[in-house]
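Fold the stuff below for me.
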Amino acid sequence: MNILGIIPARYASSRFPGKPLVDIAGKSMIRRVYEQANKSKSLSAVVVATDNAEIFDHVKSFGGQVSMTREDHASGTDRCYETLLQQPGTFDYVINIQGDEPFIQPTQIDLLASRLDGQTEIATLVKAIHEQETLFNPNVVKAVVSARREALYFSRATLPHIRLTPEEQWLQRHTFYKHIGMYAYRADILKQITQLPISTLEKAESLEQLRWLENGYRIAIAETTEETIGVDTPEDIARAQTLLTKA
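This is a model prediction of the structure:
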């Protein structure tokens, strides 16, 4: 099975312009993500998808594969589809790897790839939540998972609601999951979901995966025990530097 790893890397960002090029302990963030992805045993190829000439030239400078895409894409999923169309050869699946997670583990990519069997339409990662702060943080997206290990829903709210139970006891009553935003798409499904109009649930939660669920697509779940740490703001760089120093 041929799986293409794509790392969307957009220059513009309201909170952190130029984030892919920021230096983290001697290497740019996009280079660190690219090098981690290339350690995966499951990917046939890895390519950065960008809309910026500076990022494009930078990836070329360290020997990485990169594709130039349009600036007007609404999401990384749309950027992935344009990049897929630019590639030589045929791929069965695409894995969308977040460009702001320099600590992504190749084992997490391989775990996600293990859910891909030709029948799986879309797959993503979750991690069990063990801390109250994470559980009730509206910036952390939660996933509700079925007995078949498929996604039932994603929300910024804490779901499910444990009725008649104090909140400090919720973690003792149910396994809650944090969503880790790495997606695998079957190639034909990737084409289909980029053509869907924005849905009401997507608007409500500002989560594009709800558009797919609302239109009847099935999202398989793989559960990781490894933590990933994203870089969302300039303040996160110091934390990333510290982690690399300790490694």
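
Excluding covalently adjacent residues, which one is nearest to Val141?
Computed as C-beta to C-beta, 6 or more residues apart in numbering, the closest residue to Val141 that is not its neighbour in sequence is His179, at 4.2 Å. All C-beta spots, glycine's among them, are computed from the backbone N, C-alpha and C.

tell me the SS of the one you found?
strand (DSSP: H, G, I helix; E, B strand; the rest coil).

which one in the protein is furthest away from the centre?
Each residue of the chain has a distance to the centre, and by C-alpha atoms, centre = their mean the biggest one is for Leu164: 34.4 Å.

So that residue versus Trp170, what's the distance?
11 Å (C-beta to C-beta, to the nearest Å).

And for Phe91?
Distance from Phe91 to Trp170, counting by C-beta to C-beta: 41 Å.

did I read that right, Ala184 in a strand?
Yes: counting by three-state DSSP, Ala184 is part of a strand.

Verify the contact between it and Ser114 for me.
No: Ala184 is beyond contact range of Ser114, at 10.0 Å (criterion: C-beta atoms under 8 Å).

Looking at the two now, which is surrounded by more residues?
Per other C-beta atoms under 10 Å, whichever of Ala184 and Ser114 has more neighbours is Ala184, with 28 against 11.

hey, what's the more buried one bridged with?
Following DSSP bridges, Ala184 is listed with bridge partners Ile95, Ala123.

pLDDT at it, what is it?
For Ala184, the model assigns a pLDDT of 98.

Same check on the one 4 residues further on?
At Asp188 the predicted local distance difference test score is 98.

now it: how far from Gln241?
Distance from Asp188 to Gln241, by C-beta to C-beta: 42 Å.

who's more crowded, those two?
The residue with more neighbours, out of Asp188 and Gln241, is Gln241; 14 against 9, by other C-beta under 10 Å.

Can I take it that that one is in a strand?
No: the assignment for Gln241, made by three-state DSSP, is helix rather than a strand.

burial count for the closest residue to it other than its chain neighbours?
Spatial nearest neighbour of Gln241, excluding adjacent residues (C-beta to C-beta, 6+ apart): Ala25 at 5.6 Å. Counted by other C-beta under 10 Å, the residues lying close to Ala25 total 14.

Now do Ile189 against Lys203, distance only.
Distance from Ile189 to Lys203, counting by C-beta to C-beta: 22 Å.

Of those two, which one has the most company?
Neighbours per residue (other C-beta under 10 Å) separate Ile189 from Lys203, with Ile189 holding more: 18 against 11.

do you know how far that one is from Pro160?
In terms of C-beta to C-beta, Ile189 sits 28 Å off from Pro160.

Could you do Arg79 as well?
From Arg79 to Pro160 the distance is 33 Å (C-beta to C-beta).
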